[in-house]
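1. With the input below, show me the fold.
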Amino acid sequence: MASSRAVTVGTSPTLLSQSKKAVVIDNRSTQTVFVGGSNVSATTGFGVDASQKMVVDFSYASAISVGALYGVVASGTADVRVLEFD
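-> Presented below is the predicted three-dimensional model:
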């Protein structure tokens, strides 16, 4: 089953997704969104550039505990869409 939602990402880590089989992150803003764990920052996160998407496939990770994905921006806020697959 799939579900989608809009998320406003700010300068503090914002929860994007938690323990799903696959996630699509659609950055609809004009700035880079940095993705990572709960302590993600603009210097440590994986960058999703403006108007780009990132797919995270956890389907092969059944033997490990898949944690949550968080997003953060260097300044201001970003409009992000998250599509999750159970």
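2. tally of neighbours for the residue lying closest to Lys53 once chain neighbours are set aside?
-> In space, and not counting its chain neighbours, Lys53 is closest to Asp26: 4.9 Å by CB to CB, 6 or more residues apart in numbering. (Glycine included, C-beta is placed from N, CA and C.) When neighbours are counted by other CB atoms under 10 Å, Asp26 registers 18.
3. cool, Asn27 as well?
-> Neighbours of Asn27 (other CB under 10 Å): 24.
4. Would you state the predicted confidence (pLDDT) at it?
-> Asn27 is assigned 98 on the pLDDT scale.
5. check contacts around it.
-> Asn27 makes contacts with 33, 48-54, 78, 80, as judged by CB atoms under 8 Å, 6 or more residues apart in numbering.
6. These into CSV, with extra columns for pLDDT and neighbour count?
-> Compiled in CSV, the contacts of Asn27 are given as follows (pLDDT from 0 to 100; neighbours: other CB atoms under 10 Å):
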residue, pLDDT, neighbour count
Val33, 98, 31
Val48, 98, 21
Asp49, 98, 12
Ala50, 96, 13
Ser51, 96, 10
Gln52, 98, 13
Lys53, 97, 13
Met54, 95, 18
Ala78, 98, 24
Val80, 98, 22
